[in-house]
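[1] Attaching a predicted model along with its sequence, questions to come.
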Amino acid sequence: MNLEYIYYLLLSFVSSLIFMPMGFKIIQKFNIIDKPNHRKIHKKEILSGGGIVIFVGVLISFIFISYYQHLDTMNQVINVKGLFIYFMIGFSILFLMGLFDDRLNLKAKSKFFFQIIACLLFILLSDQFISFDFIFKNKVLSILMTLFFMLSVINAFNLIDGLDGLATGLSLISLISLSLVSYESMNYMIYPLVGAILAFMIKNSYPAKVFLGDSGSYILGYSLSVFIILAINLHPEIKGTFKISYMLLFISIPVIDVFYAFFRRIINRVNVFSADRKHLHHQLLNRGIKHKDAVFILYLIHFSLSLIFINII
């Protein structure tokens, strides 16, 4: 691993750690609390909106990278500095929307609208999308399919965020795995997020003192969808082939869970967007597996499937 990546990982880690007490005070001031109900695991009120800690850590690290790293002259393959800006636009939109959702419980249509805007802005500004030329040679359709992919990943990570440290741990495994097969410059984007997540997990792991909230799960899902798109476009073995489906192994547990939820609700003839207590983590708890053990089992499966893809590549 390049020592510069470690530097920016540590920068975001320390920034998130220092900001964390202030972030918690902001959350408390605006009364962003996750209250228990029949669908949730926790039995008492817990701070939510923890995505603010990850957001600040990543933002500070990216500012330093932009000022002190000659990203525009690092290589001729991708404009890393430009990608930073385009990435952060969507990242910021989803963070702010998620924070409002954590506080006000926005309507599903409003959330979906802002998700579309954030993803489309990244795709159109960066001109980075998954090419499906091996199926159809149509740029507009490829962009629409990429948009669908990004929205699916964002909401998959939102759905899987049901146990302490689950979504953060899964995203950490995915990010580190992606960094091993991605173009080197991409790690300047990946490792600041890794550092911020590591700092947040200190308070988010079981028993959690604070939850990610939608502000956190949305930006994690968005980030992973962006990094997967970039990895596909920069990897000659994957780009433009059916091998793009292998990339789903990097986000296996959230993908399996969202497909399971979708088909379960279709079969039972209920609204596919309705909430329930039948997700993968709920199924493990229903079988008498302890909270912490259930999280570890899902970590292990996720890691194993990521390892399979790394070996394939």
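    Arrived safely, thanks for sending.
[2] Give the closest residue to the residue most central in space within the chain in space, chain neighbours not counted.
    Taking CA atoms, centre = their mean, the centroid of the chain lies closest to L220, which sits 2.0 Å from it. Leaving aside its sequence neighbours, L220 sits nearest to S171 (CB to CB, 6 or more residues apart in numbering; 4.4 Å). In this view, the C-beta of every residue, glycine as well, is placed from N, C-alpha and C.
[3] how near is that neighbour to G288?
    Remark: distance between S171 and G288 (CB to CB, to the nearest Å) = 27 Å.
[4] Settle it for me: which of those two has more neighbours?
    Comparing S171 with G288 by other CB atoms under 10 Å, the one with more neighbours is S171, at 28 against 7.
[5] which secondary structure elements does the helix or strand containing that one contact?
    Per DSSP states H and E: S171 is located in helix 166-181. Helix 166-181 is packed against helix 139-160, helix 187-204, helix 213-234, helix 252-267, helix 291-312, with contacts defined by 3 or more CB pairs under 8 Å, 6 or more residues apart in numbering; DSSP states H and E.
[6] In this protein, where's the longest helix?
    If you go by DSSP state H, the chain has its longest helix at helix 3-29.
[7] and the following helix or strand past that helix, which strands flank it?
    The element immediately downstream of helix 3-29 (helix or strand, assigned by DSSP H and E) is strand 33-34. Applying DSSP bridges, strand 33-34 is found paired with strand 46-47 (antiparallel).
[8] and the strand it pairs with, how far from the chain's centre?
    Taking CA atoms, centre = their mean, to the nearest Å, one finds strand 46-47 lying 21 Å from the centre of the chain it belongs to.
[9] Numbering from 24 from now on, please.
    Happy to do that; since the first residue is 24 now, the last one works out to strand 69-70.
[10] give me the low-pLDDT residue ranges for the protein?
    24-25, 60-65, 91-103, 259, 262-264, 295-299 (pLDDT under 70).
[11] got the buried residues for the helix holding S194?
    By 16 or more other CB atoms under 10 Å, the buried positions in helix 189-204 come out as 189-198, 200-202, 204.
[12] do the same with stretch 123-135
    Neighbour count says stretch 123-135 has 123-126, 129, 134 buried, by 16+ other CB under 10 Å.
[13] and what of stretch 131-148?
    Going by neighbour count (16+ other CB under 10 Å), the buried part of stretch 131-148 is 134, 137-138, 141-143, 145-146.
[14] For those, please prepare TSV with the additional fields distance to S329 and secondary structure.
    Output for those, formatted as TSV (distance: CB to CB, whole Å; DSSP: H, G, I helix; E, B strand; the rest coil):
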residue	distance to S329	secondary structure
K134	28	helix
F137	29	helix
Q138	25	helix
A141	25	helix
C142	23	helix
L143	28	helix
F145	24	helix
I146	25	helix
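[15] Which residue is the nearest non-sequential neighbour of L201?
    Spatial nearest neighbour of L201, excluding adjacent residues (CB to CB, 6+ apart): F250 at 5.3 Å.
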